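>>> give me a 3D structure for the following:
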Amino acid sequence: MNIKPIKTEKDYFTALKRLEVIFDAKLNTPDGDELEVLGILIEQYETEHFPINLPDPIEAIKFRLEQMGYNQNDLAKIIGLKSRASEILNKKRKLSLEMIRLLHSSLNIPTDVLIQSY
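Sure, this is the predicted structure:
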């Protein structure tokens, strides 16, 4: 096992190529240990160099509604009023703390997504 920190893009691509080679390694073997450590190093490099921003709260709500086969009426049932659901989806009304709690528990949208400003 010849593992070193991933500092450059070249190191990153070399690590990815090695990961492909040992991807199916068994646990508790030298290759399995290398796979585990290499995965951690690659994840750290990607987190630092390719950050993924959280989605817009309203877009996340729309996406989740679509995934679940729900519509605006279903959203209204969750938060209380049809007019309020329309205002939220059109970004004319901000989400209240209680709405965030309801959306999180009903639609399983992470609260860190819902609390963002938009």
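>>> which residue lies nearest the spatial centre of the chain?
Closest to where the C-alpha atoms of the chain average out (C-alpha atoms, centre = their mean) is residue 54, at 6.9 Å.
>>> sticking with that residue, tell me its helix or strand.
Using DSSP states H and E, residue 54 sits within no helix or strand.
>>> what do you get for residue 40?
helix 30-49.
>>> what of residue 112?
Using DSSP H and E, residue 112 sits within helix 111-114.
>>> one more: residue 93?
Counting by DSSP H and E, no helix or strand carries residue 93.
>>> tell me the contacts of it?
Applying C-beta atoms under 8 Å, 6 or more residues apart in numbering, we find residue 93 in contact with 84, 87. Where C-beta positions appear, they are placed from N, C-alpha and C, glycine not excepted.
>>> ok so, going back, what helices and strands are in contact with the helix holding residue 40?
Taking 3 or more C-beta pairs under 8 Å, 6 or more residues apart in numbering; DSSP states H and E as contact, the helices and strands that helix 30-49 lies on are helix 9-22.
>>> no further questions, thank you.
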